[in-house]
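Peer 1: All I have is the shape, not the residue letters:
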Ligand code: 3PG
C-alpha cells in the first residue's frame, strides 16, 4: 500500500539533528499522579531505536491545561531511561535552557522537552500557516535538520507542535504513525466479510458518526453496541427508559439519528438483550424489562455470549470502547468476554481507545490481536473518513520534498 506521506525509509537521519513529536499522553493514578499505563511510550520506541545514531529531541504533551493529568514529562523521561534509552529532561520548551541543551546534544542522546501544552499557544487550533507562526515553531525549527512526527494519537489536532514544523523542515512519519495509517486504511478497504464493528464506552457523537459511515459505505456487516452508546440506542429503540444510565440530556440531538439508523439497519445493529445492573454495589443480572430503575452498568451474560459468537465468526473485527463500567470489577464481564472473543477469532482484529487497549494488555491478549491502536479521537476520526490534519500536513511536506 502506498502511503500518502514520507517515512523514515525516505530520508537520511544518521548524524542529523532530529525533532520528534510523539504522543506519550499516558493514564495517571489520580491520587499519586504516577503513570499507570505506559503503552504509548513503549509503542514509539521502534522509532527511537532507528534514530540511535542521530541527535534526538522529543516533544510531547500530557493532559490538557487545567486537567488532573496535566503534568511534566519528567516521569516519561525516567521510563525512557528504564527502557534503555540515553534520555534526559529539560524543564523548558523553547527558551534558553532548551536551546542550550539542544546545542549540547550528542549522537545517541535523547532530550525530552517540557510538556508542550505548558506553552499557551500550543492549545490554539488553526491552519498550518497560522500555527507555524507560534514561537514554539519559530524559535526551534532552525535548530533541526529533520522533523519526524509519530504522534498518531494527536493527528486530529491542528496545533503548532503537531503540524507547524512541517512548514519549514523536511517532515516524515515515524513508525507508529506509519503503522496506524497503514493498518487502519487496510482494515477499511479490505474485502473480507463478515466485518464487525464493536462499539462501547462514551464519546457518543463520534461513535454514531462511525456507525453511520461504515453502514452507508457497506463496510460493516454487523454493529454490536454496549456501554453508553448501547444504552443510547436502547433508548432510541424504546427498549429501556432514559433513567437507566445514559445522561440523555447531553445526547438529545443524536437520538433522532440513532432512531433513523435503527430503522434503516434494524437487522445489522445489535443491541444488548439483557443487562447487569448495580444494586447497592453488587452486580445483578436481569432482563431489560426488569432493570427497575437500577443503573445499567454492563451488558448481561446473554448479550456477551451473543456478541462473542458473532465476533468468533468474523473475518474482520474493529472494537473501540468498553461494554460497561469496567473500572468496577463487578461490571467488566462484558468487556472481558468481547476481548476474549476478539483474541480467539481467526481474523483481522483491531482494538482502539485507551481503556480497552489497556485492558487487553492487562489480560495479556496483545499478541493475539492484529493491531492495538494508540489513538482515541484520532482513530475514530480516521474511521469516519475524516482527513486528519497531521496526515494532510505530512502529505504537503512530502510533495515539497520531491
Ligand atoms: C489522546 O489521548 O487522545 C491524545 O493524546 C490527544 O489528546 P487530546 O484529546 O487532549 O488532544
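Peer 2: Noted; the coordinates are in hand. Everything numeric in this text was worked out from a predicted model, so none of it was measured.
Peer 1: Next, the buried residues of the lengthiest helix in the chain.
Peer 2: When the chain is parsed with DSSP state H, its longest helix is helix 175-189. For helix 175-189, a neighbour-count test (16 or more other Cβ atoms under 10 Å) marks 175-181, 183-184, 187-188 as buried. Every residue, glycine included, has its C-beta placed from N, CA and C.
Peer 1: can you pull the contacts of the residue in the stretch 301-402 of the chain positioned nearest to the ligand?
Peer 2: Nearest to the ligand, among the residues of the stretch 301-402 of the chain, is residue 376, at 3.6 Å (Cβ to the nearest ligand atom). Contact analysis of residue 376 by Cβ atoms under 8 Å, 6 or more residues apart in numbering lists 153, 203, 352-354.
Peer 1: And the pLDDT for it?
Peer 2: Looking at residue 376, its pLDDT reads 88.
Peer 1: same thing with residue 217?
Peer 2: 93.
Peer 1: Could you do residue 244 as well?
Peer 2: 59.
Peer 1: What of the one 5 residues further on?
Peer 2: In this prediction, residue 249 carries a pLDDT score of 72.
Peer 1: same thing with the one 4 residues further on?
Peer 2: Residue 253 carries a pLDDT value of 87.
Peer 1: Next secondary structure element downstream of the helix or strand hosting residue 337?
Peer 2: Using DSSP states H and E, residue 337 maps to helix 333-344. Note on helix 333-344: by DSSP H and E, the next helix or strand toward the C-terminus is strand 348-352.
Peer 1: For that next one, which helices and strands make contact with it?
Peer 2: In terms of contact count using 3 or more Cβ pairs under 8 Å, 6 or more residues apart in numbering; DSSP states H and E, strand 348-352 is assigned the packing partners helix 175-189, strand 316-320, helix 333-344, strand 371-372.
Peer 1: if you set the cut-off to 7 Å instead, what comes out?
Peer 2: Where contact means 3 or more Cβ pairs under 7 Å, 6 or more residues apart in numbering; DSSP states H and E, strand 348-352 is packed against helix 175-189, strand 316-320.
Peer 1: Redo these as JSON lines? Include distance to residue 77 and mean pLDDT.
Peer 2: Formatted as JSON lines, the helices and strands packed on strand 348-352 follow (distance: least, Cβ to Cβ, whole Å; pLDDT from 0 to 100):
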{"stretch": "helix 175-189", "distance to residue 77": "18", "mean pLDDT": "96"}
{"stretch": "strand 316-320", "distance to residue 77": "30", "mean pLDDT": "96"}
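Peer 1: any chance of the ones you listed in CSV, plus distance to the ligand?
Peer 2: Formatted as CSV, those follow (distance: least, Cβ to the nearest ligand atom, whole Å):
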stretch, distance to the ligand
helix 175-189, 12
strand 316-320, 12
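Peer 1: Could you check these and tell me which one is nearest residue 107?
Peer 2: helix 175-189 (19.9 Å; Cβ to Cβ).
Peer 1: Indicate each strand paired with the next helix or strand after that closest one and its parallel or antiparallel sense.
Peer 2: On the C-terminal side of helix 175-189, the nearest following helix or strand under DSSP H and E is strand 195-199. Paired with strand 195-199 in the same sheet, following DSSP bridges, are strand 222-225 (parallel), strand 316-320 (parallel).
Peer 1: hang on, the earlier thing: can you convert the helices and strands packed on strand 348-352 into JSON lines and add a column each for distance to residue 108?
Peer 2: Below are the helices and strands packed on strand 348-352 laid out as JSON lines (distance: least, Cβ to Cβ, whole Å):
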{"stretch": "helix 175-189", "distance to residue 108": "18"}
{"stretch": "strand 316-320", "distance to residue 108": "38"}
